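**Q** Please find the sequence and the predicted model below.
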Amino acid sequence: MPENETTAPSLENLLHETRAFPPSPAFAAQANAQPSLYEEAKADRLGFWADQARELVSWSTPFTQTLDWSEAPVARWFADGQLNAAYNAVDRHVEAGRGDRVAIHFEGEPGDTRTVTYADLQREVSRAANALTSLGVTKGDRVVIYLPMLVESVVAMLACARIGAPHSVVFGGFSADALRSRIADAEAKLVITADGGYRRGAPSALKPAVDEAIGPKDGEPATTVEHVLVVRRTEQDVDWTEGRDVWWHDALERADTFHEPVPVDAEHPLFILYTSGTTGKPKGILHTTGGYLTQAAYTHKNVFDLKAESDVYWCTADIGWVTGHTYVVYGPLTNGATQVLYEGTPDTPHRGRWWELVEKYKVSILYTAPTAIRTCMKWGEDIPAGFDLSSLRVLGSVGEPINPEAWMWYRRVIGGDTAPIVDTWWQTETGAIMISPLPGVTATKPGSAQVALPGIVADVVDDEARSVPDGGGGYLVLSEPWPSMLRGIWGDLQRFKDTYWSRFEGLYFAGDGAKKDEDGDIWLLGRVDDVMNVSGHRLSTTEIESALVSHDVVAEAAVVGANDETTGQAVVAFVILRGEHADRASTPEGAEEVQQELRNHVAKEIGPIAKPRRILVVPELPKTRSGKIMRRLLRDVAENRTVGDATTLADSSVMDLISAGLAKPSAANED
Ligand code: WT7
């Protein structure tokens with residue numbers, strides 16, 4: 001049974017955007033990407049990728065085979081080659097005499113700074129690799145990383161890569177329960193965490209969640225974790241388990257600064273990253289080494305037009321998400337870039353913090369998410385206007401469709417009307433950017449990711465997998481394997497096949513709706529499955545529903561993503577309370593209390609990012625005769641629209657019941 005129940009995206013509100021911004025001749029002349037790149041890739045796609053792999057990545061054993069697709073949909077790229085990702089990201093730059101180049105300008109939220117050169121990074125990563133080895137971690141062991149945005153986070157990831165131990169980074173905003181299930185699924189041997197991090201002006205804790213996540217719990221035995229390495233960041237008191245817990249600084253101090261990177265096969269697992277699917281259980285997306293690194297470096301170089309000697313690059317994503325993996329760690333470092341790493345939030349201690357950093361470090365390439373751009377729009381353009389942003393020359397967007405208004409604002413207010421914007425479409429599963437304009441080549445259009453990159457083949461198809469004509473809409477698919485594609489779901493090959501490869505024969509089904517405009521350019525229209533996108537974070541409706549029903553008071557729950565001006569979507573939950581608790585919610589105070597309890601419960605089960613914006617207590621849920629919840633109708637309610645066609649409901653009076661109940665004052669509860 002395929003995991004994705006899909007519904008065709010509506011074609012009613014297709015964008016009618018006609019503006020286009022051709023590259024300036026000056027930009028085009030100096031751009032890394034030239035129009036010939038498309039032709040080269042088209043003429044010999046595999047040869048093109050082999051060239052990229054040889055040019056951008058250093059191999060300890062050169063590969064002779066480019067792609068082995070004989071066991072499709074599990075791809076093998078450059079399979080007889082060997083390499084080490086940390087060597088590529090660090091050592092080779094030092095060996096080439098660029099050890100003094102700044103790799104990372106770190107800026108802590110409280111304002112502390114640290115400048116890390118490639119030579120510094122080599123010493124730190126080597127030490128950390130030796131420390132991991134002395135704690136018993138060897139090639140193939142999984143290491144979970146649960147850290148804030150620190151230099152140590154980058155070092156930890158690279159140290160794992162250096163010894164061939166796949167890392168699984170868990171976003172610091174996830175709860176102990178979410179952390180536990182990820183540790184258990186990956187059977188991790190070691191966890192790297194911190195005493196805490198700074199967030200909105202105050203230290204926040206991380207270690208207690210780890211303590212809770214790894215021990216025995218609710219009758220379940222302790223996890224497979226043998227040691228916890230703890231970075232000291234905030235100096236908060238932490239509980240300590242002797243023999244298990246080790247301070248990062250102690251372990252590194254004891255460790256040698258020399259470490260020989262372990263060459264691994266191109267198909268050796270580099271990392272697992274959990275992401276939400278349409279069921280309650282997150283998927284451990286598996287990426288391997290050679291193909292991933294190749295596409296990370298290729299896209300980072302061409303999509304951002306990186307000039308490693310002169311650019312200062314800043315990707316605002318957290319390392320807990322795939323954007324942080326590919327465009328904070330592996331892409332930029334493999335390309336020898338200088339980048340900014342910022343620990344905190346954009347509004348601490350003031351709403352100009354990001355722009356202050358752009359001015360301070362003369363950032364020339366900025367990569368961020370539409371939700372952040374819309375938030376800045378809301379705060380007003382006076383704030384960025386107070387800083388010198390003239391260093392910016394390329395702007396990127398990722399994570400969700402960017403609306404034309406936000407795109408235009410980004411271009412005018414942040415980009416001084418000149419910097420090209422690259423709207424980059426990709427996924428945790430694709431590993432790297434797949435669809436994006438190329439700066440200097442593509443005439444950009446506000447709101448469209450436009451074209452598959454050279455070497456990538458994307459299409460929009462109808463229900464029968466037929467390519468739609470220009471002007472038509474349907475489902476986004478990828479028709480040819482690509483180097484950084486996921487190699488599977490950790491421990492669940494069948495789910496990998498069912499989720500991505502069963503909807504359309506021989507095509508990768510991305511889960512996004514899309515349309516082609518008259519020029520054949522692609523516009524992304526959002527998910528067509530039960531996956532939500534809140535502030536560029538991927539959340540599963542089913543996962544939040546499971547969290548809600550695991551609370552005593554809830555009998556049934558349905559979750560939808562409602563359109564939201566700033567966050568793209570907002571989580572709205574409809575719950576039916578258990579008989580004995582229904583009375584509690586009958587007064588406004590009682591309802592408020594139940595809603596608060598449920599919100600906290602979701603935060604505990606998954607993490608604060610998954611907290612529903614609104615929780616509506618209802619007497620019934622709209623279901624089809626086969627028992628499937630009609631989320632479309634609930635979305636109408638959540639977005640205050642007239643409820644659409646309800647004729648396929650098993651009981652057509654349900655929507656009247658829901659609407660009548662919600663008319664009562666107690667029901668609305670915006671945060
Ligand atoms: C989903 C993947 C890729 C890094 C961040 C998200 C949506 C992503 C765009 C874009 C429209 C986008 C899609 C996709 N998405 N980028 N430029 N335009 N939608 O990674 O958490 O794996 O989410 O994000 O819906 O399927 P992710």
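**A** Nice, thanks for sending it over. Numbers count the residues shown, from 1 in each chain.
**Q** Tell me how confident the model is about the host helix or strand of Thr499, as a mean pLDDT.
**A** Using DSSP states H and E, the secondary-structure element containing Thr499 is helix 493-501. Averaging pLDDT along helix 493-501 yields 96.
**Q** just checking, what packs against that helix?
**A** Under the contact criterion of 3 or more CB pairs under 8 Å, 6 or more residues apart in numbering; DSSP states H and E, helix 493-501 touches strand 488-489, strand 508-516. Every residue, glycine included, has its C-beta placed from N, CA and C.
**Q** Output the contacting helices and strands for the longest one.
**A** The helices and strands touching strand 508-516, judged by 3+ CB pairs under 8 Å, 6+ apart, are strand 458-461, strand 473-478, helix 493-501, strand 522-527.
**Q** since we're on Val151, how many residues are nearby?
**A** 20 (other CB atoms under 10 Å).
**Q** related to what we said a few turns ago, the helices and strands packed on helix 493-501: which one's closest to the ligand?
**A** strand 508-516 (4.7 Å; CB to the nearest ligand atom).
**Q** partners of that closest one, with directions?
**A** Its sheet considered, strand 508-516 pairs with strand 473-478 (antiparallel), strand 522-527 (antiparallel) by DSSP bridges.
**Q** do the first one and the ligand meet at all?
**A** It refers to strand 473-478. No. Strand 473-478 is not in contact with the ligand by CB under 6 Å from any ligand atom; minimum separation 8.1 Å.
**Q** C-alpha coordinates for that strand, PDB please?
**A** C-alpha atoms of strand 473-478 as PDB (Å, rounded to 0.1, in the frame of the first residue of the first chain):
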ATOM      1  CA  GLY A 473      -0.400  21.300 -13.700                       C
ATOM      2  CA  GLY A 474       0.200  18.000 -11.900                       C
ATOM      3  CA  TYR A 475       2.800  16.200  -9.800                       C
ATOM      4  CA  LEU A 476       6.500  16.900  -9.700                       C
ATOM      5  CA  VAL A 477       8.600  13.900 -10.600                       C
ATOM      6  CA  LEU A 478      12.300  13.200 -11.200                       C
END
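**Q** roughly how far is it from the heart of the chain?
**A** 21 Å (CA atoms, centre = their mean, to the nearest Å).
**Q** Near the ligand, which residues of this structure? Just list them.
**A** Contact residues, the chain versus the ligand (CB under 6 Å from any ligand atom): 275, 322-323, 398-401, 423-428, 449, 510-512, 524, 527, 533, 538.
**Q** Among those, which are located in strands?
**A** 275, 398, 423-424, 510-512, 524, 527, 533, 538 (DSSP state E).
**Q** Can you pick out the most distant pair from those?
**A** Thr275 and Asp423 (20.7 Å; CB to CB).
**Q** These two: which has the busier surroundings?
**A** Ranked by neighbour count (other CB under 10 Å), Thr275 and Asp423 place Asp423 first, with 25 against 20.
**Q** quick one: the more buried one and Val451 touch, right?
**A** No. With contact defined as CB atoms under 8 Å, Asp423 does not reach Val451; the gap is 10.8 Å.
**Q** joint contacts of those two?
**A** 436-437 (CB atoms under 8 Å, 6 or more residues apart in numbering).
**Q** closest point of the stretch 101-250 of the chain to the ligand, which residue?
**A** For the stretch 101-250 of the chain, CB to the nearest ligand atom, closest residue to the ligand: Phe171, 10.6 Å.
**Q** Assign a three-state SS to that residue, would you?
**A** Assigned by DSSP: H, G, I helix; E, B strand; the rest coil, the conformation of Phe171 is coil.
**Q** what about it, distance to Thr541?
**A** 19 Å (CB to CB, to the nearest Å).
**Q** Give me the more crowded residue out of those two.
**A** Thr541 (25 against 20).
**Q** mind listing what that one touches?
**A** 278, 530-532, 558-561, 631.
**Q** So which of these belong to strands?
**A** Taking DSSP E as the definition of strands, those contribute 531-532, 558-561.
**Q** Enumerate the strands of the stretch 201-350 of the chain by residue range, in sequence order.
**A** With strands called from DSSP state E, counting those that start in this stretch, the stretch 201-350 of the chain shows them at 202-205, 227-231, 245-247, 264-265, 269-275, 283-288, 312-315, 338-342.
**Q** Any idea which of those strands gets closest to Pro25?
**A** Across the strands of the stretch 201-350 of the chain, Pro25 has its closest neighbour in strand 312-315 (24.1 Å, CB to CB).
**Q** how far does that closest one sit from the chain's center?
**A** 17 Å.
**Q** Parallel or antiparallel, list what pairs with it.
**A** Strand pairing for strand 312-315, using DSSP bridges, gives strand 338-342 (parallel), strand 365-368 (parallel).
**Q** Same list, these, but as a markdown table with mean pLDDT and mean neighbour count please.
**A** As requested, the strands paired with strand 312-315 are exported to a markdown table (pLDDT from 0 to 100; neighbours: other CB atoms under 10 Å):
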| stretch | mean pLDDT | mean neighbour count |
| --- | --- | --- |
| strand 338-342 | 98 | 23 |
| strand 365-368 | 98 | 26 |
